[in-house]
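# Structure, please.
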Amino acid sequence: MLQPDDLLIQDVVRREAISLRPDEITDYDPLLDFIGDARFVLLGEASHGTHEFYRERAQLTKRLITEKSFSAVAVEADFPDAYRLNHYVRGKGEDAEAVEAMGGFKRFPAWMWRNADVLDFIGWLRAHNDKLPEKASRTGFYGLDLYSLHTSIEVVLNYLEKIDPEGARRARERYACFDHFGEDTQAYGYATGLGIAVSCEDEVVSQLVELHNRSTELARLDGRVAADDFFFAEQNARVVKNAEQYYRTMYRSDVSSWNLRDLHMMETLVALDDHLSEPANKAKIVVWEHNSHLGDASATEMGRRGEWNVGQLTRRRYAREAVLIGFTTYEGTVTAASDWGGAAERKRVRPALSGSYENVFHNTGLDRFLLLMPNGSPVQITMREPLLERAIGVIYRPETERQSHYFHASLSNQFDAVIHFDETRAVEPLERTVEWEAGEVLETFPSGV
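Residues are numbered from 1 along each chain as shown. Next up, the predicted model:
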């Protein structure tokens with residue numbers, strides 16, 4: 001049964017929502033005006049496997065790049081894997097095709113980045129960059145996450161071996177601390193978190209500090225080494241340092257490991273801003289992550305548990321230079337696994353629960369819309385009402401829908417704007433599993449009408 005507050009929200013949404021027609025990118029003109037001169041546009045998603053979220057983020061990002069000169073796309077992906085794509089879209093590296101450049105995304109969940117929508121965007125970004133004048137700055141593609149401990153170790157060692165063999169020897173000795181565990185980062189975290197094994201904390205911190213302190217010296221050792229190469233190496237050393245701490249704490253506290261991860265992503269975003277910015281030309285960065293990372297955690301149950309996230313930290317550091325945009329859906333299908341490490345499946349998303357923003361949006365009768373929530377506006381005041389909000393990660397368990405996938409949030413304090421698609425479909429993995437092919441398909445697929 002609808003509550004009086006739900007009816008009030010529905011009325012406000014019907015009055016203030018901006019209708020979005022399929023494939024009419026000009027319908028986002030009000031959002032581009034709303035973004036204005038902001039340097040950070042954070043584009044979320046309510047799942048890691050919904051086609052519409054990926055497609056619309058890409059369409060908005062294209063406009064930010066071409067109309068507002070955004071210089072980077074930073075995503076919820078491992079730094080070295082995304083940097084291979086960065087080389088490709090900027091005309092560097094050895095990959096001849098976009099699909100080859102995506103080859104680094106092997107870790108579960110591969111479909112999160114190895115999917116048709118990301119492939120289309122990467123192809124567009126390479127073509128866009130190729131058309132620019134030779135000396136013009138090209139928009140890059142970067143990862144913010146910290147799961148790539150061993151891959152990042154190899155990056156640091158390979159960099160040093162090319163220009164400073166003695167420095168590489170010292171780094172190899174430090175990183176040998178992990179050898180007892182092979183590449184099993186969870187075993188390392190378990191053993192050190194329980195005090196069974198000595199941690200590698202001192203070694204990874206020492207390596208990052210040495211690399212940072214020797215930046216000028218390393219540049220002199222080989223004048224051909226570009227600033228990008230050192231940035232890549234130093235960031236991977238930072239990944240190793242923060243990943244070591246993350247795995248060491250993940251068995252002791254969900255809050256601590258969550259906060260460490262989001263703090264690392266924020267540190268990487270700030271480092272990327274510093275790396276790309278010039279005195280007279282500050283960097284402008286689009287960020288793609290899940291709503292749970294990009295919506296201000298202080299407006300949700302997360303904040304009450306002591307968790308923070310990238311959205312909250314970005315607002316705190318950059319204030320009005322940042323715009324936070326969330327995405328929601330009522331029902332459809334999604335690409336997700338049933339268990340961690342499981343196969344990609346095409347699963348049906350249940351209709352949103354009563355008492356949720358998604359259910360209220362559905363009851364407006366509007367299929368696709370944009371809702372701007374400027375501070376102090378009637379819609380912002382109305383949308384502060386705490387309701388349930390759905391979040392689907394890489395695992396979707398509809399049998400435990402309420403416990404696993406909902407939390408309370410104040411939407412207009414969490415985001416500056418929200419984009420809603422009432423019915424959505426699963427993102428298409430580049431490698432379709434038997435489970436995905438056999439999964440549930442929307443009745444309107446493939447027409448979508």
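
# And the strands in the chain?
Taking DSSP state E, the strands of the chain run over residues 18-19, 40-43, 72-78, 140-145, 285-288, 322-336, 345-349, 368-372, 387-390, 406-409, 417-424.

# Out of the ones you listed, flag the one nearest residue 49.
Among the strands of the chain, the nearest to residue 49 by CB to CB is strand 322-336 (3.3 Å). For every residue, glycine as well, the C-beta is placed using N, CA and C.

# Could you list the buried residues of stretch 27-44?
27-28, 31-32, 34-35, 38-44 (16 or more other CB atoms under 10 Å).

# scratch that, stretch 233-251 is what I was asking about
233-250.

# So what's the gap between it and the chain middle?
Distance of stretch 233-251 from its chain centroid, counting by CA atoms, centre = their mean, to the nearest Å, is 18 Å.

# swap in stretch 267-287?
The chain centroid and the centroid of stretch 267-287 are separated by 17 Å under CA atoms, centre = their mean.

# Put the alpha carbons of that stretch into CSV.
The C-alpha trace of stretch 267-287 is given here as CSV (Å, rounded to 0.1, in the frame of the first residue of the first chain):
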residue,chain,number,x,y,z
GLU,A,267,43.8,8.7,-3.6
THR,A,268,44.2,7.4,-7.1
LEU,A,269,41.7,9.9,-8.4
VAL,A,270,43.5,12.8,-6.7
ALA,A,271,46.9,11.5,-8.1
LEU,A,272,45.3,11.3,-11.6
ASP,A,273,44.0,14.9,-11.2
ASP,A,274,47.5,16.1,-10.2
HIS,A,275,49.2,14.2,-13.0
LEU,A,276,46.9,15.5,-15.7
SER,A,277,46.4,19.1,-14.5
GLU,A,278,48.4,22.0,-15.7
PRO,A,279,48.5,25.4,-14.0
ALA,A,280,46.2,27.0,-16.6
ASN,A,281,44.3,23.9,-17.6
LYS,A,282,42.9,21.8,-14.8
ALA,A,283,42.0,18.2,-15.5
LYS,A,284,38.3,17.2,-15.9
ILE,A,285,37.5,13.6,-15.1
VAL,A,286,34.5,11.3,-15.5
VAL,A,287,34.2,8.5,-13.0
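
# Show me the helices in the stretch 151-300 of the chain, by range?
165-175, 185-193, 201-213, 215-221, 227-249, 254-276, 291-294 (DSSP state H, counting those that start in this stretch).

# most neighbours per residue, which of those?
Comparing the helices of the stretch 151-300 of the chain by mean neighbour count (mean count of other CB atoms under 10 Å), helix 291-294 comes out on top with a mean of 26.

# Kindly export that helix (C-alpha atoms) in PDB.
Only the C-alpha atoms of helix 291-294 are listed here, as PDB (Å, rounded to 0.1, in the frame of the first residue of the first chain):
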ATOM      1  CA  ASN A 291      26.100   3.800  -6.900                       C
ATOM      2  CA  SER A 292      27.400   2.400  -3.600                       C
ATOM      3  CA  HIS A 293      30.800   4.000  -4.300                       C
ATOM      4  CA  LEU A 294      29.700   7.200  -6.000                       C
END
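
# so where is this structure shaky, pLDDT-wise?
1-4, 219, 221-225, 253-254, 442-449 (pLDDT under 70).

# sorry, back to before: which one of the helices of the stretch 151-300 of the chain lies nearest to residue 152?
Proximity to residue 152 (CB to CB) singles out helix 227-249 among these, at 3.8 Å.

# now the helices of the stretch 151-300 of the chain as CSV including distance to residue 419?
Output for the helices of the stretch 151-300 of the chain, formatted as CSV (distance: least, CB to CB, whole Å):
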stretch, distance to residue 419
helix 165-175, 43
helix 185-193, 35
helix 201-213, 38
helix 215-221, 41
helix 227-249, 31
helix 254-276, 22
helix 291-294, 11
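
# With respect to residue 415, which of these lies nearest?
helix 291-294 (8.0 Å).

# centre of the chain versus the closest one, how much separation?
The chain centre lies 8 Å from the centre of helix 291-294; the measure is CA atoms, centre = their mean.

# packing partners for that helix?
Here helix 291-294 is seen to pack against helix 310-318, strand 322-336 when contacts are counted using 3 or more CB pairs under 8 Å, 6 or more residues apart in numbering; DSSP states H and E.
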